[in-house]
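Let me see the structure of the following:
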Amino acid sequence: MTEFVLTLSCPDRVGIVHAVAAYLHEAGCNVLDSQQFADRTGPGSSRFFMRVHVETMPPAPASAADLYAGFTSVAAEFGMEWELRDTAVLPRVLIMVSKAGHCLNDLLYRRAAESLRIDIPLVVGNHHAHGHGIGHAGTLTTTDHPGPDGPAVKSPPSRLIRSRTPARPQPLPSVASALCSPPPSVTTSRTPAGS
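As a prediction, this is how the structure comes out:
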């Protein structure tokens, strides 16, 4: 069985939860977790948000491509912005750290304990103070480099990222966005209302 997470947002109206649940049921998925809410903070507008964690069920488990293709009509009906991701694919995350290391230590601990399922290929900092704690989590690269006349020169993080990224780079989201965003292998779609 494969697990997927479907996240979506759209203008709020009656029938969204029913349509999503009915489609997932017809596709042979078992809902493991579902969370939803409507944001009514804007005057005269309301936006609906939903996250559904499902597993595919035998005898013929649905693939990501099957689920994506089948869900497009539901998404079009409600004008959804949505993403479908395979939970087995870990999001690649770039961590940028300052001198205080408590947040980095917390993220590395949670990654090691597998309570934060992310891949950390690179940690960028403005000094070497945290190099000892990186271990298998990634590579610490500092933005300080000796200048041509001796004093340290700051390199922009974007240059460091490009220098450590393969020829066909995958995006490296920030830690904050990685906790809420899909990995590069995610299928993402935006469907205008009424299409």
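
now for the longest helix seen in the chain, which elements pack on it?
Counting residues, the longest helix found in the chain (DSSP state H) is helix 64-78. Here helix 64-78 touches strand 3-11, helix 16-26, strand 81-86, strand 187-190, going by 3 or more CB pairs under 8 Å, 6 or more residues apart in numbering; DSSP states H and E. No exception for glycine: its C-beta is placed from N, CA and C like everyone else's.

helices and strands of the protein: which one bottoms out on pLDDT?
For the chain, counting by mean pLDDT, DSSP states H and E, helix 175-178 ranks last in confidence among helices and strands (a mean of 40).

Flag every buried residue along the longest helix of the chain.
Neighbour-count burial for helix 64-78, counted by 16 or more other CB atoms under 10 Å, picks out 64, 67-68, 71, 74-75, 77-78.

I would like the residues contacting stretch 62-77, please.
Contact with stretch 62-77 is made by 2, 4, 6, 8, 19-20, 23, 26-29, 56, 80, 82, 84, 86, 187, 189, 191, 195, as judged by CB atoms under 8 Å, 6 or more residues apart in numbering.

Export that stretch to CSV, keeping only CA atoms.
What follows is stretch 62-77, C-alpha atoms only, in CSV (Å, rounded to 0.1, in the frame of the first residue of the first chain):
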residue,chain,number,x,y,z
ALA,A,62,-4.1,3.5,-7.4
SER,A,63,-0.9,5.1,-8.6
ALA,A,64,-0.1,8.8,-8.2
ALA,A,65,-0.8,9.3,-11.9
ASP,A,66,-4.2,7.6,-11.6
LEU,A,67,-5.2,9.7,-8.6
TYR,A,68,-4.0,12.9,-10.2
ALA,A,69,-5.8,12.2,-13.5
GLY,A,70,-9.0,11.3,-11.7
PHE,A,71,-9.0,14.2,-9.3
THR,A,72,-8.7,16.9,-12.0
SER,A,73,-12.4,17.0,-12.6
VAL,A,74,-13.2,17.4,-8.9
ALA,A,75,-10.6,20.2,-8.7
ALA,A,76,-12.0,21.9,-11.8
GLU,A,77,-15.5,21.9,-10.4
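
Now do the domain split for this structure, please.
Annotated domains of the chain cover 3-88+183-190, 92-172 [automatic domain parsing].

Least confident of those domains, on average?
If these are sorted by mean pLDDT, domain 92-172 sits at the bottom with a mean of 67.

re the thing from before, so for D106, which of the helices and strands packed on helix 64-78 sits nearest?
strand 3-11 (23.2 Å; CB to CB).

what angle do that closest one and helix 16-26 make?
150 degrees (axes from the mean of the first three to the mean of the last three CA atoms, to 10 degrees).
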